[in-house]
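>>> Sequence and predicted structure, then a few things I'm wondering about:
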Amino acid sequence: MWLKKFCDADHLPSISGKLRLGTLHEYRKIERPELRDPKEGTHEWVIDFHTGVRADIKWLSEISLGAINSPPFGQLSTQAIVGTTITVDLGDYGIRGTLSVYIDQLHISEENGNDFTATGLLKFHFSRHNSMILCMSWVDDPSAHLFEDYNSSWSIELKKRDEFAGWMCRHINQHMSLLQFDERSLNLLSLGQSSAIRVTCSNNPVEYRDRKIEVKNRTDLNREMIVSLLRNAEFVKDRKFEAEQEYRFVFDFDAPSNRGGNQRTRLDTRESPYFLPISTFGTSFSPTFSRKNNEE
């Protein structure tokens, strides 16, 4: 098996001397419509109480990862809740993202202890914080060409993916500028902390599935399912992209917190892509470069 990156000739690292790393949020807005995925790094689930779903606060708290413990749910049994949004950061769950719960005209219609039926909607939306990504395709044949719009490509053996990931992390650490991080991240850094920034890389094949979950009853969703989904949201794409056969490298950053102690805080990258300067690839996984006309 091989990992192959399709690109224009001027983006070949052997020609440009740079490796282009995109970002999750960039691909939500990228100009090329065949690559654009407005829901990159997101998940949604909806509870429509008009369908007769029965619920209780404990279950709602579990599938909202605690968001529904917040007000205004203390008044749930005594008044309708109209047009309210609760947003929480999920860092305590080891998840790099925020969850928003939109409550649309929710009103209790019947109670039986902690169990209740209601009218209205609960809409849950998760958005992962931004990260750098390198998108490749995994193929059996290194000569395969999956994208007709690109005239060039480069590839490495799949079995060398972890070594390649480590090589990229080391080069990012050497060349990364603070200007690549968003304003929130820069405000969290103390002076002189740039050398303490840590980059980690996870790599996996992309799973193609629906990102929207329709919840019909309490057995459809639980806390473990939600945590698993959201921790891997960066490796999920809509089924319409399945022909890409994508294999993805995701780069996350953190640094010592300015609150002191041993705490570390996440750092989010800006939306724009990053061009990693490289003089040469690691010798043990030297990629094969090619153009569509088979010129090397």
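Now that the structure is in, tell me what you want to look at.
>>> Helix, strand, or coil at Arg248?
Using DSSP: H, G, I helix; E, B strand; the rest coil, the structure places Arg248 in strand.
>>> pLDDT at it, what is it?
Note on Arg248: pLDDT of 97.
>>> what number of residues lie near it?
17 (other CB atoms under 10 Å). The way it works is simple: take the backbone N, C-alpha and C, and place the C-beta from them, glycine included.
>>> Would you check how far apart it and Lys58 are?
Counting by CB to CB, to the nearest Å, the gap from Arg248 to Lys58 is 36 Å.
>>> How about Phe126?
According to CB to CB, Phe126 and Lys58 sit 21 Å apart.
>>> the more surrounded of the two?
The residue with more neighbours, out of Phe126 and Lys58, is Phe126; 21 against 10, by other CB under 10 Å.
>>> what is the more buried one paired to in the beta sheet?
Beta bridges link Phe126 to His43, Leu99 when assigned by DSSP bridges.
>>> now swap in Leu134 and tell me
Going by DSSP bridges, Leu134 forms beta bridges with Phe249.
>>> distance of it from Val101?
33 Å.
>>> Likewise for Asp48?
Going from Asp48 to Val101 by CB to CB gives 14 Å.
>>> who's more crowded, those two?
Taking neighbours as other CB under 10 Å, Asp48 and Val101 compare with Val101 leading, 22 against 16.
>>> where does the more buried one fall, helix, sheet strand or coil?
Classification of Val101 by three-state DSSP places it in strand.
>>> Verify the stated contact: it with Leu65.
No. The pair Val101 / Leu65 is not scored as a contact, 9.7 Å apart, by CB atoms under 8 Å.
>>> confidence score at Gly41?
Value listed for Gly41 in the pLDDT field: 93.
>>> Tally up the residues packed near it, please.
Using other CB under 10 Å: Gly41 sits among 27 other residues.
>>> do the same with Gly66
15.
>>> give the contact list for it.
Going by CB atoms under 8 Å, 6 or more residues apart in numbering, Gly66 touches Val88.
>>> Which helix or strand in this protein has the lowest average pLDDT?
strand 288-291 (a mean of 74; mean pLDDT, DSSP states H and E).
>>> which of the residues in that strand are buried?
Buried residues in strand 288-291, counting neighbours by 16 or more other CB atoms under 10 Å, are found at Phe289, Ser290.
>>> Not counting sequence-adjacent ones, nearest residue to Asn262?
Using CB to CB, 6 or more residues apart in numbering and skipping residues adjacent in sequence, the residue nearest Asn262 is Pro256, 8.0 Å away.
>>> partner residues bridging the one you found?
Arg264.
>>> Do you know the pLDDT at it?
Confidence score, pLDDT, at Pro256: 78.
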